[in-house]
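Peer 1: Kindly return the folded structure for what I paste below:
(2 chains)
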Number of protein chains: 2
Amino acid sequence: MSQPSQPSQPPQPVPVTEANVAQFLQGVDAFVCDCDGVLWTPQGPIENAMAALRALRACGKKVYFVSNNSTLSILDKLKAEGFPVEEDEIAVPATVIARHLQQAGFTKKAFVFGVEFFKNVLRRSGIHVVPEERTAALVDENISRCVEQIDLDPEVGAVVLDVDVNIRYIDLCSAASILKSRPQCLFLVGATDTLFPLPSEKIAMAPGPFLKLLEDITGRRAEVFGKPSPAMVTDFLQATHRFDLSRTVFVGDALKQDMGMANACGMQKLLVFTGVTRPRDLDSCPAELLPDFVMDSIAAFARLLEAHPGGPQGPQGPQRKD
Amino acid sequence: MSQPSQPSQPPQPVPVTEANVAQFLQGVDAFVCDCDGVLWTPQGPIENAMAALRALRACGKKVYFVSNNSTLSILDKLKAEGFPVEEDEIAVPATVIARHLQQAGFTKKAFVFGVEFFKNVLRRSGIHVVPEERTAALVDENISRCVEQIDLDPEVGAVVLDVDVNIRYIDLCSAASILKSRPQCLFLVGATDTLFPLPSEKIAMAPGPFLKLLEDITGRRAEVFGKPSPAMVTDFLQATHRFDLSRTVFVGDALKQDMGMANACGMQKLLVFTGVTRPRDLDSCPAELLPDFVMDSIAAFARLLEAHPGGPQGPQGPQRKD
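Peer 2: This is a model prediction of the structure:
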């Protein structure tokens, strides 16, 4: 009797090691690095991550950055940690949404759920952000008077949602009212993560749950600019730098957001274990989100490329120790 | 050839008219009336609704009240409009949840999303409500410092959700953290309506969307005390008054919440068209939510019972005009 055919196994992720790093780098022109969980964590910088970036750059690789985190300046953070980059080598939802609105000739007001840093990125691009000022006033508990505070500002032409730790009931009602009653109003979202990864049992919501709430009650679907959408790479980094995506490695710590974005862009996938994913998580990972390569930490490049100074395309060419 | 069997039609709702009101009332000991959309609307009282209640009471019928609205005193409103009732003849989620916690010997703190009126009902029942005071203070936009404000108060033993027009991000995070990390913590919800019915294009959220958000991110399921749950009738009104549910008519204006609650309690269903439902809505109504009886307004009882003073069980017995 013939054996029943076995379901084909997806190719297993390849650890990048001293033995294969030269071959690995030969197929790569550029790296696109996620930041949180790859270069640093809430506890601080990941040791030797910057040394690894410098080593990659030293052997001729381009290094770009993407992050769903529009709450701080990644430019300043990289500079402070000793890896200076240009502004257009970093993509976060705030800058990509600002560019998107500019290119669309958007001149109306944007109703924004976001932290001040996010809103200032939009403001610097000439976008009129409302509510003008963050208010801490309580809303009248009488429903009729509360409803009067729901603001259907006719000049609002976009609702933009990103991380906002001061989301209020009344603003959600205003945004929902505008989205539902004005089908031509844009609905844009940056990060779609559900929760911030926290070491404690505390739950801190990212924009995901509020996106779902607004989509459910309005019947609208937002256009996504954060990972796993390819927009930060294809609409922003690629528009300026035009690197070959098939010869680009995306370095990330999250399966759905990072490996998913790499898939959406056609990049090679390198997963590191310094963030939200543990090696055992790969056992239950959908085949399409499995990385091509794995490393404990991006920092390993510092050590691996020390053994291969200049890397395979560097001045000394590839060297093997063995 | 025999005809293919037709799908059986559900029985169609019977309009209560002068011709059948006497027969209708013979099968009824008590009425349970919804309030918003039946006795009054946001625009004011429904004309002759109180006269109708007085006429029903005059012909020996008991009249009780239920409402998902715990934001105001229905007792005071009925008194002011000339239909005095006892406190235990009115059920709203606030009073039913307070009774539920008392009967469970609950002595911990309750983390409550609700308006002051709702919270005061709980406080008067001896329940320690947190947050102690409503604050609108802004939360630090630095995520790490924001997370410090997520409050895992170990004394909280229940999260209670009802209408709250001042819901804040940070309180949702605290409640979610408590619910997720403390499986024994009670999770109780009053009204589960999605939106307040408004005459304008404004969208004002009721607790429903926030219930869904908390359930989604915690994996918990709340115990529901508002309509269409039977709790307000079976756990509260019935506990004191013990009327025969099969001889009780529920008067409501909403298909899902009101007819659904009547089904859950085994009451007869009377739908009025002074609230959120229009006659044409019955065409697309699931069979199980179809009312037994319909009237344009509860006010019609005032006119119908004027023609039958005392009603069928009143001093003069049933009278037919024809």
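
Peer 1: How about residues contacting the longest helix anywhere in chain A?
Peer 2: Using DSSP state H, we find that the single longest helix of chain A is helix A:169-181. With contacts defined as C-beta atoms under 8 Å, 6 or more residues apart in numbering or on different chains, helix A:169-181 is touched by A:111, A:113, A:131, A:139, A:146, A:149-153, A:156, A:159, A:161, A:185, A:187, A:210, A:213-214, A:217-220, B:164-168, B:201-205. For glycine as for every other residue, the C-beta is placed from the backbone atoms N, C-alpha and C.

Peer 1: which of those residues are buried?
Peer 2: A:111, A:113, A:131, A:139, A:146, A:149-151, A:156, A:159, A:161, A:185, A:187, A:210, A:213-214, A:217-218, A:220, B:164-168, B:202-205 (16 or more other C-beta atoms under 10 Å in any protein chain shown).

Peer 1: Now intersect these with the helices, please.
Peer 2: Using DSSP H, A:C146, A:F210, A:L213, A:L214, A:I217, A:T218 are the members of these that sit in helices.

Peer 1: Wait, A:G190 touches A:D162, no?
Peer 2: Yes - contact criterion C-beta atoms under 8 Å: A:G190 and A:D162 qualify, at 3.6 Å.

Peer 1: Overlap of the contact sets of these two?
Peer 2: Common neighbours of A:G190 and A:D162 (C-beta under 8 Å, 6+ apart) are A:S70, A:P93, A:A94, A:G114, A:F118, A:P207, A:G226.

Peer 1: Leaving out chain neighbours, which residue sits closest to the first one?
Peer 2: Read it as A:S70. The shortest distance from A:S70 to any residue other than its chain neighbours is 3.7 Å, reached at A:A94 (C-beta to C-beta, 6 or more residues apart in numbering or on different chains).

Peer 1: and the helix or strand harbouring that neighbour, average pLDDT?
Peer 2: Here A:A94 sits within helix A:93-103, counting by DSSP states H and E. Helix A:93-103 shows a mean pLDDT of 97.

Peer 1: got the residues of the stretch 51-200 of chain A near chain B?
Peer 2: Counting by C-beta under 8 Å from any C-beta of the partner chain, the stretch 51-200 of chain A comes close to chain B at A:71, A:115-117, A:134-144, A:146-147, A:150, A:152, A:163-170, A:172-173, A:176-177, A:180-181, A:194-196, A:198, A:200.

Peer 1: on that earlier part again, kindly indicate which of the ones in helices among the buried ones among the contacts of helix A:169-181 lies nearest B:P15.
Peer 2: If you rank these by distance to B:P15 using C-beta to C-beta, A:I217 comes first, at 34.4 Å.

Peer 1: Next up, the contacts around the closest one.
Peer 2: A:I217 touches A:A176, A:K180, B:T194, B:L195, B:I203, B:M205, B:P209, counting by C-beta under 8 Å, 6+ apart.

Peer 1: Out of the residues you listed, flag the one nearest to B:Q9.
Peer 2: Nearest to B:Q9 among the contacts of A:I217, with distances taken as C-beta to C-beta, is B:T194, at 30.2 Å.

Peer 1: residue contacts, that closest one?
Peer 2: The neighbours of B:T194, taking C-beta under 8 Å, 6+ apart as the test, are A:I217, B:M205, B:A206, B:G208, B:P209.

Peer 1: what's the answer for A:F111, then?
Peer 2: A:F111 sits next to A:V130, A:P131, A:D153, A:V156, A:A158, A:V159, A:V160, A:D171, A:S174, A:A175, A:I178 when contact means C-beta under 8 Å, 6+ apart.

Peer 1: Serialize the residues you listed to TSV and add fields for pLDDT.
Peer 2: Listed next are these as TSV, based on pLDDT from 0 to 100:
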residue	pLDDT
A:V130	96
A:P131	94
A:D153	96
A:V156	98
A:A158	98
A:V159	98
A:V160	98
A:D171	96
A:S174	97
A:A175	98
A:I178	98
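
Peer 1: Give me the below-cutoff pLDDT ranges for chain A.
Peer 2: Applying pLDDT under 70 to chain A flags residues A:1-8, A:307-322.

Peer 1: what's around the nearest residue to A:E141 once chain neighbours are set aside, how many residues?
Peer 2: Leaving aside its sequence neighbours, A:E141 sits nearest to B:V115 (C-beta to C-beta, 6+ apart; 4.2 Å). Neighbour count for B:V115, taken as other C-beta atoms under 10 Å in any protein chain shown: 23.

Peer 1: Which stretches in the stretch 201-322 of chain A count as strands?
Peer 2: Secondary structure of the stretch 201-322 of chain A, counting by DSSP state E, counting those that start in this stretch: strands at A:223-224, A:248-252, A:268-272, A:293-295.

Peer 1: For chain B, find the nearest of those.
Peer 2: Closest to chain B of these is strand A:223-224 (C-beta to the nearest C-beta; 18.3 Å).

Peer 1: what's the distance between the residue nearest to A:C146 when sequence neighbours are not counted and A:L214?
Peer 2: In space, and not counting its chain neighbours, A:C146 is closest to B:V165: 4.6 Å by C-beta to C-beta, 6+ apart. Per C-beta to C-beta, to the nearest Å, B:V165 is found 17 Å from A:L214.

Peer 1: Check A:Q9 too.
Peer 2: In terms of C-beta to C-beta, A:Q9 sits 41 Å off from A:L214.

Peer 1: What is the neighbour count of A:D235?
Peer 2: 17.

Peer 1: who touches the residue nearest to it when sequence neighbours are not counted in this structure?
Peer 2: Excluding its sequence neighbours, the residue lying closest to A:D235 (C-beta to C-beta, 6+ apart) is A:V96, at 6.1 Å. For A:V96, the contact set (C-beta under 8 Å, 6+ apart) comprises A:F225, A:A231, A:M232, A:D235, A:F236.

Peer 1: of the residues you listed, closest to A:F293?
Peer 2: A:M232 (21.1 Å).

Peer 1: bridging residues for the residue nearest to the closest one when sequence neighbours are not counted?
Peer 2: In this structure, A:M232 finds its nearest non-sequential neighbour in A:A91, 3.8 Å apart by C-beta to C-beta, 6+ apart. On the basis of DSSP bridges, A:A91 is bridged to A:V66.

Peer 1: ok, A:A91 touching A:A239?
Peer 2: No - using C-beta under 8 Å, A:A91 is not in contact with A:A239; the gap is 9.9 Å.

Peer 1: neighbour count winner among these two?
Peer 2: A:A91 (27 against 14).

Peer 1: Now do the contacts for the more buried one.
Peer 2: A:Y64, A:F65, A:V66, A:S67, A:M232, A:V233, A:F236, A:L237 are the contacts of A:A91 under C-beta under 8 Å, 6+ apart.

Peer 1: Now do the same contact list for the third one.
Peer 2: The neighbours of A:V66, taking C-beta under 8 Å, 6+ apart as the test, are A:V32, A:C33, A:D34, A:C35, A:I90, A:A91, A:V92, A:K227, A:M232, A:V233, A:L237, A:M261.

Peer 1: again, only this time at 10 Å
Peer 2: A:32-35, A:74, A:90-93, A:96, A:226-227, A:231-233, A:236-237, A:250-252, A:258, A:261, A:265 (C-beta atoms under 10 Å, 6 or more residues apart in numbering or on different chains).

Peer 1: Make a ChimeraX selection of the buried ones in these.
Peer 2: The ChimeraX command for the buried members of the contacts of A:V66 (criterion: 16+ other C-beta under 10 Å) is given here:
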select /A:32,33,34,35,74,90,91,92,93,96,226,227,231,232,233,236,237,250,251,252,258,261,265
